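Novice: Requesting a structural model of the entry that follows:
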Amino acid sequence: MPRPSKAAGSVALVTGANACPDVNLLVNNAGLFTNTRLVRPGDPDAARREMEVNYFGVLNMTRAFAPLLGANDGGYIVNVLSVAGAFPAPFMGGYSPAKAAALFLSSITRSELADQGTEVIALIVGSVDTRMAGHVQGRKEDPRDIVRAGLDALDRGEHVADTDFMAIDARARYARDPARYERGMTKLLKATVMDTGR
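Specialist: Okay, here's the model as predicted:
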């Protein structure tokens, strides 16, 4: 019999014995970025861990809380994602595809839980001043501003919302010319120090 994953175990701790019977808002904000390449990594298991946290963590929390939200007039699910999941970001290794999977999950969840009245929003976030972005140079958003932008988007009934300048700018540049943007990402990858195990 397979062992439950670490993410599933964490979810069980949070939701044990229906400890939150009156919950009406679930915020999935966990994230893991290992800073290693995807195809030629220093740690071949890094992408699996990124998928475990960034996708399966969201899925497991959503499964655990969906019945409680349904019992409380539907409620809301906020998935804090990344601009790296809105389009391929080669310099972010396995983090980018994991966040992309969570973006698709957000849409599927919205459809599956529509009958119980649960609203689901995916927040597309750029660079935020957190521990995970400690190595990032340049402009970083205040987490409180991201929260405000997310709550405003939730009030407006948006399904997917860009929360800050980086997210808006990157998505606009990608939409205008995806091939050019990908070439820029390739250059950025070459300039980025990532763990390749060599």
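
Novice: So which bits of the lengthiest helix in the chain are buried?
Specialist: Taking DSSP state H as the criterion, the chain has its longest helix at helix 95-112. Of the residues in helix 95-112, 95-103, 105-106, 109-110 count as buried by neighbour count, 16 or more other Cβ atoms under 10 Å. Placement of C-beta: from N, CA and C, glycine included.

Novice: What of stretch 159-172?
Specialist: Under 16+ other Cβ under 10 Å, the buried positions of stretch 159-172 are Val160, Ala161, Asp162, Thr163, Asp164, Met166, Ala167, Ala170, Arg171.

Novice: okay, which residue is most central for the chain?
Specialist: Leu81 (2.6 Å; Cα atoms, centre = their mean).

Novice: okay, it: pLDDT?
Specialist: As predicted, Leu81 sits at a pLDDT of 96.

Novice: Contacts only, for it.
Specialist: With contact set as Cβ atoms under 8 Å, 6 or more residues apart in numbering, Leu81 has these partners: Lys99, Ala102, Leu103, Ser106, Ala122, Leu123, Ile124, Val125.

Novice: want to try JSON lines for the residues you listed, with distance to Thr36 and pLDDT as columns?
Specialist: Shown next, in JSON lines, are these (distance: Cβ to Cβ, whole Å; pLDDT from 0 to 100):
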{"residue": "Lys99", "distance to Thr36": "15", "pLDDT": "97"}
{"residue": "Ala102", "distance to Thr36": "19", "pLDDT": "98"}
{"residue": "Leu103", "distance to Thr36": "22", "pLDDT": "98"}
{"residue": "Ser106", "distance to Thr36": "26", "pLDDT": "98"}
{"residue": "Ala122", "distance to Thr36": "25", "pLDDT": "97"}
{"residue": "Leu123", "distance to Thr36": "25", "pLDDT": "96"}
{"residue": "Ile124", "distance to Thr36": "23", "pLDDT": "95"}
{"residue": "Val125", "distance to Thr36": "21", "pLDDT": "93"}
